[in-house]
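> Dropping a prediction and its sequence here:
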Amino acid sequence: MSIWHFGPEPTEGEQKSHYDVCIVGSGAAGSVAAHRMSQMGLHVLILEQGPYIQAHTTYEDVLMASEKALARQPNGCWALNGYPWSTCNVGGGTIFYGGASFRYRLVDFDASAHFPDADLPVVWPYTYGDLEPYYDKIENHVGIAADPSKDPFGPPTRISNLPPVAPSPSAKHILRGAGKLGLKGFPTPLAIATVSYRGRPACDNSQPCIEHRCPSGSKGDVYTCFLRETLQAPRVRLFAGMKAVRLERRQEGSIESIVALRTDTKQTYRFSAKVFVVACNAIQSAALLLRSADQWSPSGIGNEHDMVGRGLCMKLNEYVTGFVHGRANDDVEDVTAPEGVGPFSTVSLMDYYLDESIPTGMGGMIYENRYGQSYSMRPHGAVVRLECMIADQPSRKNRVLLSRKLDDFGLPLLAIDYTAHPRDLVRLEAMIERCTAILEHADCRWIRREATDFHLGSCHLHGTCRSGREPRSSVLDTKSRVHSVENLYVIDGAYMPFASAVNPTHTIQAHSLKSTEGILQTHWKL
């Protein structure tokens with residue numbers, strides 16, 4: 001049985017329609033934009049390269065089938081082992097993510113005091129206060145299980161959240177070790193319904209919630225929360241299996257149409273619209289602009305200053321895992337049930353987000369990150385797994401390129417040219433040491449590290465179409481519009497001038513909603 005389902009191909013009438021807006025990508029950013037625009041009655045076209053996800057489809061299935069990119073290896077050579085996706089499917093990476101929904105910290109909107117020597121600006125063109133109402137709206141719509149009052153370094157919030165997820169058995173070991181070090185653990189904010197919410201049932205904690213589609217519908221992925229309702233609107237069409245090839249224009253300041261290729265039949269289609277919104281992910285969005293070279297922009301649309309694709313950031317991360325053998329303390333319950341069921345993360349630590357003992361004074365986040373599969377454990381034992389993440393310093397040298405080699409569709413292969421800054425590697429090492437100390441104080445044994453190969457691609461992609469007020473160091477303006485084109489927007493993680501050290505999905509959704517409201521006002525006065 002095939003795991004891929006693309007749905008119908010466009011009819012002749014659907015090809016000839018002039019849409020109000022064409023959205024490229026149906027993930028965290030694209031689905032939020034489509035939902036808001038459909039509410040306003042616009043004629044919306046959504047193009048998605050990947051398939052619809054079936055109940056039996058796994059993250060591994062999608063990973064194995066997705067096209068690869070060339071990637072620079074640590075020795076400087078290139079290999080076809082890069083991964084330029086969050087995931088390639090309807091609903092994007094949110095179908096398989098664990099639901100971590102952090103707001104960015106205040107410092108993330110202006111990190112210039114910590115990176116004064118960065119060769120690209122690390123200041124956003126707006127503040128946390130500008131984004132705050134859109135965080136509120138996303139959280140009200142999705143439902144976030146959280147207790148912001150226990151996050152000692154979190155930004156201010158007025159929202160009423162769902163009850164937080166209780167700490168897992170392994171999280172209790174983490175809290176015990178962290179407490180000995182004077183650290184303040186708090187519940188990981190999760191897009192998971194802990195009580196019935198907007199038609200979604202409360203999570204029953206029966207299955208692993210990461211790397212799998214949620215079997216109960218409790219997780220707030222964008223298909224469940226946005227797309228399913230959007231696709232019922234009479235003026236919305238989504239075509240899956242459609243690879244966006246290039247944007248076309250007849251005059252310099254305006255995109256007229258987009259060319260897309262059906263991946264299973266290799267049939268080519270052309271669609272026209274008033275406004276084009278690109279939301280593929282930071283690597284794919286930059287690639288689409290680069291592939292759209294024309295007489296006005298021979299190096300790619302929006303690339304007049306050679307900035308499209310530059311400033312690629314992925315966050316640096318690593319896992320540190322230990323094993324608790326026997327009861328560590330009477331206040332920590334025995335672990336007799338299979339591990340890996342329920343939410344993937346139930347406790348987080350931000351104590352080292354700002355730390356003068358770490359180079360630049362900026363550390364990162366540590367949180368529980370359980371494995372994406374269930375497994376049996378002997379009684380009185382537990383696997384305790386932490387992940388640490390830091391924001392990487394943006395650099396012009398880290399970029400997305402088009403290779404001279406062609407893929408199966410006759411298009412240039414993508415190339416990921418990324419090398420971590422030596423100081424960032426030291427910062428990551430400092431965070432790994434802190435993870436190790438927590439596990440040691442939790443009485444863990446056989447502590448080991450798990451590399452993530454983030455330089456090959458990541459689920460956290462940022463910065464290739466950076467936003468800013470100065471076109472020479474950015475691609476997008478403060479409203480996510482390409483500087484040189486009046487009707488072209490990029491609203492995914494590509495816009496981020498600084499990546500932050502927390503999971504980006506929640507912020508991408510909030511920014512998408514903010515940008516969409518601006519688009520509605522600019523082009524329809526809505």
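All right, it came through fine.
> ok, residue 110 - contacts?
122-124, 127 (C-beta atoms under 8 Å, 6 or more residues apart in numbering). Bear in mind the C-beta positions are built from the backbone N, C-alpha and C, glycine included.
> Looking at the residues you listed, which is nearest residue 178?
Within the contacts of residue 110, the smallest distance to residue 178 is 29.1 Å, found for residue 122 (C-beta to C-beta).
> correct me, but that closest one touches residue 108?
No - with contact defined as C-beta atoms under 8 Å, residue 122 does not reach residue 108; the gap is 9.1 Å.
> my read: residue 237 touches residue 14, true?
Yes - using C-beta under 8 Å, residue 237 is in contact with residue 14, at 6.2 Å.
> before we move on, the earlier item: of residue 122 and residue 108, who's got more company?
Taking other C-beta atoms under 10 Å, residue 122 and residue 108 do not tie; residue 108 has more neighbours (23 against 20).
> Overlap of the contact sets of residue 122 and residue 108?
The contact lists of residue 122 and residue 108 share residue 498, where a contact means C-beta under 8 Å, 6+ apart.
> what about residue 287, is that helix, strand or coil?
helix (DSSP: H, G, I helix; E, B strand; the rest coil).
> Could you measure from it over to residue 412?
Note on residue 287: its distance to residue 412, by C-beta to C-beta, to the nearest Å, is 8 Å.
> So what's the residue count around the nearest residue to residue 250 once chain neighbours are set aside?
Excluding its sequence neighbours, the residue lying closest to residue 250 (C-beta to C-beta, 6 or more residues apart in numbering) is residue 256, at 5.3 Å. By other C-beta under 10 Å, the residues close to residue 256 number 16.
> Could you do residue 251 as well?
9.
> for it, which residues make a bridge with it?
residue 254 (DSSP bridges).
> how close does it sit to residue 19?
19 Å.
> Likewise for residue 463?
From residue 463 to residue 19 the distance is 29 Å (C-beta to C-beta).
> Between the two, point out the one with more neighbours.
The neighbour comparison of residue 463 against residue 19 (other C-beta under 10 Å) goes to residue 463, with 29 against 21.
> coming back round to it: so for residue 237 and residue 14, which residue has more residues nearby?
In this view residue 237 and residue 14 are compared by other C-beta under 10 Å, and residue 237 has more residues nearby, 19 against 15.
> The closest residue to that one other than its chain neighbours sits in which helix or strand?
Leaving aside its sequence neighbours, residue 237 sits nearest to residue 45 (C-beta to C-beta, 6+ apart; 5.4 Å). Assigned by DSSP states H and E, residue 45 falls within strand 44-47.
> Could you look up the SS state of residue 511?
Relying on three-state DSSP, one would call residue 511 helix.
> Need the pLDDT of it.
On the pLDDT scale, residue 511 is placed at 98.
> neighbours around it, how many?
29.
> quick one: residue 128 and residue 134 touch, right?
No - using C-beta under 8 Å, residue 128 is not in contact with residue 134, being 10.9 Å away.
> how about the residue nearest to residue 250, what does it touch?
Here residue 256 is in contact with 248-250, 272 (criterion: C-beta under 8 Å, 6+ apart).
> Who wins on neighbours among those?
Highest count within those by other C-beta under 10 Å belongs to residue 249, 20 neighbours.
> Check the residue nearest to residue 143 when sequence neighbours are not counted and give its pLDDT.
Distance criterion C-beta to C-beta, 6+ apart; nearest residue to residue 143, sequence neighbours excluded, is residue 197 at 4.1 Å. Residue 197 carries a pLDDT value of 97.
> ok, how many other residues are close to residue 75?
6.
> any idea which helix or strand carries residue 259?
Here residue 259 is assigned to strand 257-262, by DSSP H and E.
> pLDDT on that strand, on average?
Computed over strand 257-262, the average pLDDT equals 98.
> So in that sheet, which strands flank it, and in what orientation?
strand 242-248 (antiparallel), strand 268-278 (antiparallel).
> For those strands, give me a markdown table that also has distance to residue 363 and mean pLDDT.
Shown next, in a markdown table, are the strands paired with strand 257-262 (distance: least, C-beta to C-beta, whole Å; pLDDT from 0 to 100):
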| stretch | distance to residue 363 | mean pLDDT |
| --- | --- | --- |
| strand 242-248 | 38 | 98 |
| strand 268-278 | 33 | 98 |
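> Residue 168 is nearest to which of those?
strand 268-278 (38.2 Å).
> right, and residue 170 touches residue 381 too?
No - using C-beta under 8 Å, residue 170 is not in contact with residue 381, being 10.4 Å away.
> These two - which one has more neighbours?
With neighbours defined as other C-beta under 10 Å, residue 170 and residue 381 compare such that residue 170 has more, 26 against 16.
> Where does the more buried one sit: helix, strand or coil?
Relying on three-state DSSP, one would call residue 170 helix.
> Can you check the pLDDT for it?
90.
> That one and residue 438, how far apart?
12 Å.
> Repeat that for residue 477.
For residue 477, the distance to residue 438 - C-beta to C-beta - is 43 Å.
> Counting neighbours, go ahead and name the busier of the two.
residue 438 (27 against 18).
> how near is residue 226 to residue 262?
Distance from residue 226 to residue 262, by C-beta to C-beta: 24 Å.
> of the two, who's got more company?
Each of residue 226 and residue 262 has its neighbours counted (other C-beta under 10 Å); residue 226 has more, 27 against 18.
> Run through the residues that contact the more buried one.
31-32, 34-35, 141.
> Just the ones in helices from these, please.
Members of the contacts of residue 226 lying in helices (criterion: DSSP state H): 31-32, 34-35, 141.
> Out of the residues you listed, which end up buried?
31-32, 34-35, 141 (16 or more other C-beta atoms under 10 Å).
> quick one: which of those residues is nearest to residue 494?
residue 32 (15.3 Å).
> Which residue is the nearest non-sequential neighbour of that closest one?
residue 512 (4.3 Å).
> hang on, the earlier thing: out of the strands paired with strand 257-262, which gets nearest to residue 362?
Among the strands paired with strand 257-262, if distance is taken as C-beta to C-beta, the winner is strand 268-278, at 30.1 Å.
> Using CSV, write out every CA atom in that closest one.
Provided in CSV are the C-alpha atoms of strand 268-278 (Å, rounded to 0.1, in the frame of the first residue of the first chain):
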residue,chain,number,x,y,z
THR,A,268,3.9,21.5,-15.2
TYR,A,269,1.2,24.0,-14.1
ARG,A,270,1.1,27.8,-14.0
PHE,A,271,-1.1,29.8,-11.6
SER,A,272,-1.7,33.5,-11.3
ALA,A,273,-2.6,35.6,-8.3
LYS,A,274,-2.7,39.1,-6.9
VAL,A,275,-0.3,38.3,-4.0
PHE,A,276,2.2,35.6,-3.5
VAL,A,277,3.2,34.4,0.0
VAL,A,278,6.2,32.1,0.3
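> how far is it from where the chain is centred?
Relative to the chain's own centre, strand 268-278 is displaced by 24 Å; criterion: C-alpha atoms, centre = their mean, to the nearest Å.
> What is the nearest of the ones in helices among the contacts of residue 226 to residue 297?
Nearest to residue 297 among these, with distances taken as C-beta to C-beta, is residue 34, at 27.0 Å.
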